[in-house]
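Chemist: fold the following.
(one chain, ligands or ions: 1)
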Amino acid sequence: MATVIPLKPAQGPTASAVRLTDIAIEFRIKGRPPYKAVAPTSLAVADGEFVAIVGPTGCGKSTLLNAVAGLLKPAAGKVEVYGQALAGLNAEAGYLFQQDAVMPWKTALDNVAIALEIKGVGREDALGAARDWLGRVGLGRFLDRYPHQLSGGQRKRVGLAQVLIRQPKILLMDEPFGPLDAQTRQIMGSLLLDLWAGDRKAVLFVTHDLEEAIALSDRVLIMSAGPEARIIGDHRIDLARPRDAADIRTHPRFHDIHKAIWGQLRAEVIKTYGEEA
Ligand SMILES: Nc1ncnc2c1ncn2[C@@H]1O[C@H](COP(=O)(O)OP(=O)(O)OP(=O)(O)O)[C@@H](O)[C@H]1O
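Modeler: Below you'll find the model as predicted:
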């Protein structure tokens, strides 16, 4: 059985990388009462921890991530980053979305270098770092390709390099491998784990794919069906590291963990389909 750990944030001298306390999020829709997307809910991500959020479609996973990114302000509750109340955009975080953020008129090299240039890094230094990062994501031979000359998986690698070159302390990932085929998703997962093992950032990873969440994470959080969604499960994943995001799925322990968590997730997924039917 996977261990279910209490939802209360751990107390201790070290501040969490991210801590949400009793966060509630509402959307105003003209002529209607506010839509209460997220009910008061709490979560904490420790420094160096890889945490996934899984939940039924439309429950509020991206909304929660956007609150951590500082892209939207909760109606109630606290967002803290390394112990400091978040005001405005989260400067410690790099954000990787499902959609590509690459510029079609720039080569892979320029797409990655620009992430440093807009921070004031000189052109030559930015190009040097971009070459290095593209090498680390396996695109050392594709520096001068334009996005339309790259596969979907290769564009994702460019996106990953664009975010990582800025060395954020926290990585926010919203279905980052969503549009890719199953095999490429697993390869990207393995690449992400390899890169993460180097300097263990705090990661908050949103996915609808429970297998992907278990393969990558230290903890998997389950979000209930909306409206007024909240975190209802917090499962520690005790699979050894280093892990290969593809091979780990054949491990017997993986199946036990999957079975334990799926029971809880399935109930929420069924509620969502009932609502939309
Ligand atoms: N700007 C907005 N205005 C009104 N409602 C919104 C807005 N953004 C999101 N919502 C609603 O809030 C709820 C949560 O949306 P969110 O995108 O966070 O879900 P999700 O769990 O990430 O979904 P999916 O897995 O399908 O990507 C949904 O019911 C959505 O319709």
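Chemist: could I get the full set of strands for the stretch 51-200 of the chain?
Modeler: Secondary structure of the stretch 51-200 of the chain by DSSP state E, counting those that start in this stretch: the strands cover 76-81, 84-85, 93-96, 170-174.
Chemist: of the ones you listed, which is nearest the ligand?
Modeler: Among the strands of the stretch 51-200 of the chain, strand 170-174 comes nearest to the ligand, with 7.3 Å by C-beta to the nearest ligand atom. (Glycine included, C-beta is placed from N, CA and C.)
Chemist: output the closest one as CSV, nothing but the C-alphas.
Modeler: C-alpha atoms of strand 170-174 as CSV (Å, rounded to 0.1, in the frame of the first residue of the first chain):
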residue,chain,number,x,y,z
ILE,A,170,11.4,26.0,-8.4
LEU,A,171,10.0,24.3,-11.5
LEU,A,172,6.3,24.6,-12.3
MET,A,173,5.2,22.2,-15.0
ASP,A,174,1.7,22.1,-16.4
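Chemist: contacts for that strand?
Modeler: 17-18, 45, 61-62, 65, 68-69, 81, 90, 92-98, 163-164, 196, 201-206 (C-beta atoms under 8 Å, 6 or more residues apart in numbering).
Chemist: wait, does it contact the ligand?
Modeler: No - among the residues of strand 170-174, none lie within reach of the ligand under C-beta under 6 Å from any ligand atom; the closest is 7.3 Å away.
Chemist: note down every partner strand of that strand and its orientation.
Modeler: Take DSSP bridges as the rule and strand 170-174 pairs in its sheet with strand 93-96 (parallel), strand 202-207 (parallel).
Chemist: in CSV: these, plus mean neighbour count and mean pLDDT.
Modeler: What follows is the strands paired with strand 170-174, written out as CSV (neighbours: other C-beta atoms under 10 Å; pLDDT from 0 to 100):
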stretch, mean neighbour count, mean pLDDT
strand 93-96, 22, 92
strand 202-207, 24, 95
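Chemist: so which of those is nearest residue 126?
Modeler: The closest of the strands paired with strand 170-174 to residue 126 is strand 93-96. By C-beta to C-beta, the value is 16.1 Å.
Chemist: no more questions from me, cheers.
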